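>>> Model the following, please.
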Amino acid sequence: MAPTLAEHFADSSALTEFVINQGNGVKGLSKLGLRALPKQYIQPLEERLCMTNVVQQESIPIIDMSNWEDPQVAKSVCDAASNWGFFQIVNHDVPVQVLENVKEATYRFFGLPARKKISFQRNIPLQTM
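This next block holds a predicted model:
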């Protein structure tokens, strides 16, 4: 029987080559139609969160930046990043057009082929790749 894709990526160097060096990322893995995750993406049972200890909250942390010099704001950002991994900032005074431009640039970047994204990451002109 032929090896499955997950078995092909059991070798961590093959997975690293495909995901990182070739620039396919996890998105590239998802497009392969894997029926099982490579073992490198499966967290060992002993390291997983115990779901009985998770405290449910109604929303992600929202941090008010209207008084950004207050040390509590920095603490809130650190706490939210450590405990949640993300947060929402309000009253930051960044113009809506700037936010829209960032969002548009982000979509354009992640829509690029992997080779071009790598060239941006490494700051290497495409002609030399």
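>>> make it CA atoms for all contacts and neighbour counts henceforth
OK.
>>> Centre-most residue in the protein?
residue 26 (9.4 Å; Cα atoms, centre = their mean).
>>> In contact with the closest residue in space to it that isn't next to it in sequence, which residues?
Nearest residue to residue 26 in three dimensions, chain neighbours excluded: residue 19, at 6.4 Å (Cα to Cα, 6 or more residues apart in numbering). By Cα atoms under 8 Å, 6 or more residues apart in numbering, the contact list for residue 19 reads 25, 26, 28, 29.
>>> The first one: neighbouring residues, count only.
Look at residue 25: counted by other Cα atoms under 10 Å, it has 16 neighbours.
>>> Let's see the pLDDT reported for it.
For residue 25, the pLDDT comes out at 81.
>>> roughly how far apart are it and residue 92?
32 Å (Cα to Cα, to the nearest Å).
>>> Helix, strand, or coil at the residue nearest to the centre of the chain?
State at residue 26, reduced to three classes by DSSP: H, G, I helix; E, B strand; the rest coil: helix.
>>> ok, now which ones touch the nearest residue to residue 88 once chain neighbours are set aside?
Of all residues not flanking residue 88 in the chain, residue 62 sits nearest, at 4.7 Å (Cα to Cα, 6+ apart). Counting by Cα under 8 Å, 6+ apart, residue 62 touches 87, 88, 89, 90.
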